[in-house]
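Enquirer: model the structure of this input:
(one chain, ligands or ions: 1)
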Amino acid sequence: MEQLRHPSALEMFEQITNASKGKQIVMFLDYDGTLSPIVEDPDRAYMSDAMRTTVRKLARYFPTAIVSGRCRDKVYSFVQLAELYYAGSHGMDIKGPSKGPKDKNDAQSVLFQPASEFVPMIDKVYKTLLDKTKSIPGANVEHNKFCLSVHYRCVDEKKWSELAQQVKSVLKDYPKLRLTQGRKVLEIRPTIKWDKGKALEFLLESLGYANCTDVFPVYIGDDRTDEDAFKVLRDRGQGFGILVSKIPKDTNASYCLQEPSEVMDFLQRLVKWKKMSLQRQWKKLSLRRQFRMRRQIEEMKVSLFN
Ligand SMILES: O=P(O)(O)OC[C@H]1O[C@H](O[C@H]2O[C@H](CO)[C@@H](O)[C@H](O)[C@H]2O)[C@H](O)[C@@H](O)[C@@H]1O
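Expert: Model prediction:
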């Protein structure tokens, strides 16, 4: 039943691209479980070279942002593509383009950190949690700058509730922090009204698409925190979300992909489709216009390199 409500984005590819016709696609990609497979050690969640090449090509055709629960520097060290926009710490640390597409040349990138006042508190809680959880084998506390992750993927299942209790007991003293749950991870975040959905809207605005009707945002993610972004797209009635999951889930996404390898297939098809539609548009131009455009490109190259 659920599977029928959330069909495969690969099977529905044509329908998706038809819906985007005449609109600017903007891509938002979660990292863990979307671009990289889930692994036991969070420090070794590498992205494959093939995925990196795919994302690089994708960004040539569509503005592309990575939206992750991770610390922004960490996710950048995995992705290593300077041409993308990054939103780390569940969207609380955004490094993006200048305001509006026309300003791109002035190279001033947007930096938005709505939770900066929480840094000392997060640092303190990190130290306390490191100490409190050291007696539980396999527990791992990750510092994500404006938020924290307590991993229990490598903790014996019998100890999961003890770990959760310890985390909750620490947080009792910090009413301005809240606890949510991801994939075998407890996530601690400031209670500010900011999430991946707000980050998506902020990035669209920064890119100059705030009130545009001809923008088509596509958000791909695998986790509960990605639901905030799926919901924003559903509420705006623009673009759509794609949930990465092998099992049917209650979601605000419109389509599904099973795993990162399917995400890569989907992104590659998107690149191919865009390339072909640009070639078709080019062929439709008169020979005289093609000649004029080629000459303009040559002139631009000359002025760039002189
Ligand atoms: O928003 P995301 O980019 O999906 O970040 C969510 C959490 O992802 C990472 O943890 C998850 O992936 C790890 C590596 O595969 C895995 O070991 C862990 O069990 C998963 O929950 C990251 O380490 C967390 O900090 C993020 O909150």
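Enquirer: alpha carbons only for contacts and neighbour counts from here, please
Expert: Noted.
Enquirer: residues in the stretch 151-300 of the chain within reach of the ligand, list them.
Expert: Neighbours of the ligand within the stretch 151-300 of the chain, by CA under 6 Å from any ligand atom: H151, R153, G182, R183, K184, V185, D223.
Enquirer: what sits against the fifth one?
Expert: Yep, that's K184 we're talking about. Counting by CA atoms under 8 Å, 6 or more residues apart in numbering, K184 makes contact with H151, Y152, R153.
Enquirer: ok, the residue of the stretch 151-300 of the chain found nearest the ligand - contacts?
Expert: Per CA to the nearest ligand atom, R183 is where the stretch 151-300 of the chain lies closest to the ligand, at 4.1 Å. R183 makes contact with D223, according to CA under 8 Å, 6+ apart.
Enquirer: what about 6 Å?
Expert: Shown in contact with R183 (CA atoms under 6 Å, 6 or more residues apart in numbering): no residues.
Enquirer: next one: D214
Expert: D214 touches K23, counting by CA under 6 Å, 6+ apart.
Enquirer: returning to that earlier point: filter the contacts of K184 down to the ones in strands?
Expert: Residues of the contacts of K184 located in strands (DSSP state E): H151.
Enquirer: picking that back up, mind checking which of the residues of the stretch 151-300 of the chain next to the ligand land in strands?
Expert: Residues of those located in strands (DSSP E): H151, G182, V185.
Enquirer: turn those into a markdown table, columns for pLDDT, neighbour count and distance to K249.
Expert: As requested, those are exported to a markdown table (pLDDT from 0 to 100; neighbours: other CA atoms under 10 Å; distance: CA to CA, whole Å):
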| residue | pLDDT | neighbour count | distance to K249 |
| --- | --- | --- | --- |
| H151 | 98 | 22 | 22 |
| G182 | 95 | 15 | 14 |
| V185 | 98 | 19 | 18 |
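Enquirer: which one of these is nearest R269?
Expert: The nearest member of those to R269, counting by CA to CA, is G182 at 29.2 Å.
Enquirer: quick check: beta-bridge partners of the residue lying closest to E142 once chain neighbours are set aside?
Expert: Take E142 and drop its neighbours on the chain: the residue closest to it by CA to CA, 6 or more residues apart in numbering is S149, 5.0 Å away. Counting by DSSP bridges, S149 forms beta bridges with E142, E187.
Enquirer: give the contact list for S149.
Expert: Neighbours of S149 in contact, by CA under 6 Å, 6+ apart: V141, E142, L186, E187.
Enquirer: got a winner among these for most neighbours?
Expert: Neighbour counts for these peak at E187, which has 23 neighbours (criterion: other CA atoms under 10 Å).
Enquirer: so that residue makes contact with T180?
Expert: Yes - here E187 reaches T180: they are 5.1 Å apart, a contact under CA atoms under 6 Å.
Enquirer: any weak-confidence spans in the stretch 101-250 of the chain?
Expert: 101-108 (pLDDT under 70).
Enquirer: ranges for the strands of the stretch 1-150 of the chain?
Expert: Using DSSP state E, counting those that start in this stretch, the strands of the stretch 1-150 of the chain run over residues 24-29, 64-67, 85-88, 93-96, 110-112, 140-143, 148-151.
Enquirer: and the third one, which strands flank it?
Expert: Same thing as strand 85-88. According to DSSP bridges, strand 85-88 forms sheet pairs with strand 64-67 (parallel), strand 93-96 (antiparallel).
Enquirer: gap between the last one and the chain center?
Expert: Just to be clear, that refers to strand 93-96. Strand 93-96 has its C-alpha centroid displaced from the chain centroid by 12 Å (CA atoms, centre = their mean, to the nearest Å).
Enquirer: per-residue confidence averaged over that strand?
Expert: Across strand 93-96, pLDDT averages out at 90.
Enquirer: buried residues in that strand?
Expert: D93, I94, K95, G96 (16 or more other CA atoms under 10 Å).
Enquirer: all the helices of the stretch 101-250 of the chain, residue numbers only.
Expert: 119-133, 160-171, 196-206, 227-236 (DSSP state H, counting those that start in this stretch).
Enquirer: could I get those as CSV with mean neighbour count?
Expert: Below are the helices of the stretch 101-250 of the chain laid out as CSV (neighbours: other CA atoms under 10 Å):
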stretch, mean neighbour count
helix 119-133, 16
helix 160-171, 15
helix 196-206, 21
helix 227-236, 20
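Enquirer: looking at the ones you listed, which is nearest to Y61?
Expert: Here helix 196-206 is closest among these (CA to CA), at 16.1 Å.
Enquirer: for the stretch 201-306 of the chain, what spans make up the strands?
Expert: 215-221, 240-244, 255-257.
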